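Asks: Output the structure for:
(one chain, ligands or ions: 1)
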Amino acid sequence: VERKNQTLPTILEMNRLLVRGAVQSGGTVVDATAGNGHDTVFLADLVGEGGQVYAFDIQETALRTTRDRLEKEGFQDRTTLIHDSHSHMATHVPIVVHGQVQAVLFNLGYLPRGDKSLTTQPETTLAGLEVGLDLLAPGGIISLVLYVGHPGGQDEAEAVIRWSQALDPRQYHTFRYELINHPTHPPFLILIEKRR
Ligand SMILES: C[S@@+](CC[C@H](N)C(=O)[O-])C[C@H]1O[C@@H](n2cnc3c(N)ncnc32)[C@H](O)[C@@H]1O
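Replies: Have a look, this model is predicted:
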């Protein structure tokens, strides 16, 4: 990536860099929070023609925006959009690929340019994370972009941190990437790898 003003990757760049390293062409991945579809398009590009992206959102309007974006890129055939909570992921992702998913992305918070009061919630996020672990292939990753600036964001982030710190280190490795000297509260990144 070319950067004008900085050398180190931003949170979103770092996320993509690390996800890219976990996903192979032809792979299966999950976008747990489709939102405006930016990550869904990124993932669809990454898995290529033979791959499949399962993208979830609880808001119809988010899925519409995501669908438009995918159609513009010609990525419809390699994506499945699901209007349900990511806590129900396992019932929508085909059983044959359980244990083979290379990446599950969570971008928490509210839909940008949408209803700011409709945010991800700790209970469903943690349920989605538990299911996400079951879906992962050995070497597969869960990535989380966490925001603390909106109401409820801090509590959710703390719940996710507690949950990920309690994962058995013999089975999982958890990493964090964060800008720690900024006066506002920028998002930060948590990555969990299912060990081979
Ligand atoms: C920060 S946005 C995602 C942005 C997206 N990654 C993008 O590239 O545009 C968070 C999204 O999560 C969705 N969401 C909230 N709770 C959810 C749940 N339980 N299951 C699935 N999606 C959920 C919201 O509707 C919102 O669209």
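Asks: which of the residues in the helix or strand harbouring V145 are buried?
Replies: Using DSSP states H and E, V145 falls within strand 136-146. Using 16 or more other CB atoms under 10 Å as the test for burial, strand 136-146 gives 136-137, 140-146. Yep, even glycine has a C-beta here, placed from its N, CA and C like the rest.
Asks: now do stretch 93-112
Replies: If you call a residue buried by 16+ other CB under 10 Å, then stretch 93-112 has these buried ones: 93, 97-98, 101-111.
Asks: hey, C-alpha coordinates of that stretch in CSV?
Replies: Output of stretch 93-112 as CSV, limited to C-alpha atoms (Å, rounded to 0.1, in the frame of the first residue of the first chain):
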residue,chain,number,x,y,z
VAL,A,93,-23.1,-21.6,6.3
PRO,A,94,-23.3,-25.1,4.8
ILE,A,95,-22.2,-27.9,7.1
VAL,A,96,-19.7,-29.2,4.5
VAL,A,97,-17.6,-26.0,5.0
HIS,A,98,-17.8,-26.0,8.8
GLY,A,99,-14.2,-26.2,10.0
GLN,A,100,-12.9,-24.9,6.6
VAL,A,101,-13.6,-21.2,6.8
GLN,A,102,-10.4,-19.2,6.4
ALA,A,103,-11.6,-15.9,7.9
VAL,A,104,-14.6,-14.4,9.7
LEU,A,105,-14.7,-10.6,9.8
PHE,A,106,-16.5,-8.5,12.4
ASN,A,107,-16.7,-4.7,12.0
LEU,A,108,-18.6,-3.7,15.1
GLY,A,109,-20.7,-0.7,15.9
TYR,A,110,-23.4,1.0,13.8
LEU,A,111,-24.0,1.2,10.0
PRO,A,112,-22.2,4.3,8.7
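Asks: on that earlier part again, which of the buried residues of stretch 93-112 fall within strands?
Replies: The strands, defined by DSSP state E, take in 101-107 from the buried residues of stretch 93-112.
Asks: Those into a markdown table, with extra columns for pLDDT and distance to the ligand?
Replies: Conversion of these to a markdown table gives the following (pLDDT from 0 to 100; distance: CB to the nearest ligand atom, whole Å):
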| residue | pLDDT | distance to the ligand |
| --- | --- | --- |
| V101 | 98 | 16 |
| Q102 | 98 | 17 |
| A103 | 98 | 13 |
| V104 | 99 | 12 |
| L105 | 98 | 7 |
| F106 | 98 | 8 |
| N107 | 98 | 3 |
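Asks: near the ligand, which residues of the chain?
Replies: Proximity of the chain to the ligand is confined to 33, 35-39, 56-59, 62, 85-87, 107, 109, 111, 118, 120, 124 under the rule CB under 6 Å from any ligand atom.
Asks: still on that earlier bit, ok, the ones in strands among the buried residues of stretch 93-112 vs G27, which is closest?
Replies: Using CB to CB, Q102 is the member of these that lies nearest G27, at 4.3 Å.
Asks: From Q76, how far out is the nearest residue to that closest one once chain neighbours are set aside?
Replies: Nearest residue to Q102, sequence neighbours excluded (CB to CB, 6 or more residues apart in numbering): G27, at 4.3 Å. G27 is 18 Å from Q76, where distance means CB to CB, to the nearest Å.
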